[in-house]
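1. sequence-free structure coming up:
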């Protein structure tokens, strides 16, 4: 039996892995005598073969977790695919990929595993999925949350499930300590601050004002929060799209912040900030920014770029152009 667990949403993928491990321990291995974790940086293919083919200890099954082996070079992946053809029934292999820089189109191991029954991809949430996730997390913790509060939390934090999970835990603990069962909008405003979205907006603003040093420092801070780099890129693209949408509405005479927010499906607070910024940037410049970000995404997904490096170059290039 083989599993493949991968995707950009590493909070949910790690949760899935933990559930599988817990079930195996409960059903077959309460003493944890037949579970091994192999990591790509410390266990080569020959060592993997030895583990896969060894017999369980006083049991009928063993669990082998192979972490980030889709990042192996192509020739070693082919060796691993050949090994899997003879994998004994007594071995349950879980391929877990926390490193999402592997090239899907050029991975023999991914081709081998992608269409199997127990393969699961965890994609990044969209806004509505994030709202549902927040509500479910609150329910697990014995609390409820207003939909408006959900929307405000997504607006403040973004759709990163790690960050949302941490904020929900904090909010539910605060609600319970206050003798309440409902997380409301006032709690979001009081307890949630310094959002990634805010920092990204400030980053773009610094770029567009030609403040290269400020923009570089902001980018470093955003990366240091642990937010997935591909998600940072997606949020930047969303910020540019919001600027384009706001600029279009302003040019059509729609200047009420709440109306702009309603039409674009965003929270009024960031809508107000975007409205100010949109007055000082041209459509041509926004188009150039979006094209740059799409090029970075394309190079990354085709295996020819690294997002952090590309964003650093993007930052200095745009800021220096504006400063001239």
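-> Arrived safely, thanks for sending. Source: prediction; values computed, not measured.
2. quick one: low-confidence parts of the stretch 101-250 of the chain?
-> For the stretch 101-250 of the chain, the stretches with pLDDT under 70 are 101, 193-197, 224-227.
3. could you pull out the helices for it?
-> If you assign secondary structure with DSSP state H, counting those that start in this stretch, the helices in the stretch 101-250 of the chain sit at 108-113, 127-140, 147-157, 161-177, 185-191, 196-208, 212-224, 229-251.
4. Out of the ones you listed, which is closest to residue 119?
-> helix 108-113 (5.7 Å; Cβ to Cβ). The C-beta positions use only the backbone N, C-alpha and C, and glycine is treated the same way.
5. hmm, back to that, now render the helices of the stretch 101-250 of the chain as JSON lines, adding distance to residue 14.
-> Output for the helices of the stretch 101-250 of the chain, formatted as JSON lines (distance: least, Cβ to Cβ, whole Å):
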{"stretch": "helix 108-113", "distance to residue 14": "18"}
{"stretch": "helix 127-140", "distance to residue 14": "15"}
{"stretch": "helix 147-157", "distance to residue 14": "19"}
{"stretch": "helix 161-177", "distance to residue 14": "9"}
{"stretch": "helix 185-191", "distance to residue 14": "25"}
{"stretch": "helix 196-208", "distance to residue 14": "20"}
{"stretch": "helix 212-224", "distance to residue 14": "20"}
{"stretch": "helix 229-251", "distance to residue 14": "16"}
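6. right, so of those helices, which gets closest to residue 77?
-> Closest to residue 77 of the helices of the stretch 101-250 of the chain, according to Cβ to Cβ: helix 108-113, at 4.2 Å.
7. Packing partners of that closest one?
-> When contacts are defined as 3 or more Cβ pairs under 8 Å, 6 or more residues apart in numbering; DSSP states H and E, helix 108-113 sits against strand 2-6, helix 74-84.
8. Identify the residues contacting that helix?
-> With contact meaning Cβ atoms under 8 Å, 6 or more residues apart in numbering, helix 108-113 is reached by 2, 4, 69-70, 72, 74, 77-78, 80-81, 84, 95, 102, 104, 119.
9. Buried only: go through the residues you listed for me.
-> Among those, those buried by neighbour count (16 or more other Cβ atoms under 10 Å) are 2, 4, 69-70, 72, 77, 80-81, 84, 95, 102.
10. hang on, the earlier thing: redo the helices and strands packed on helix 108-113 as JSON lines? Include mean pLDDT and distance to residue 310.
-> Output for the helices and strands packed on helix 108-113, formatted as JSON lines (pLDDT from 0 to 100; distance: least, Cβ to Cβ, whole Å):
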{"stretch": "strand 2-6", "mean pLDDT": "95", "distance to residue 310": "22"}
{"stretch": "helix 74-84", "mean pLDDT": "94", "distance to residue 310": "23"}
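11. of all these, which lies closest to residue 140?
-> Comparing the helices and strands packed on helix 108-113 under Cβ to Cβ, the one sitting nearest is strand 2-6, at 20.7 Å.
12. Now do the buried residues in the helix or strand just after the closest one.
-> Remark: after strand 2-6, the chain's next helix or strand is helix 10-27, criterion DSSP states H and E. Neighbour-count burial for helix 10-27, with 16+ other Cβ under 10 Å as criterion, is recorded at 10-13, 16-17, 20-21, 24.
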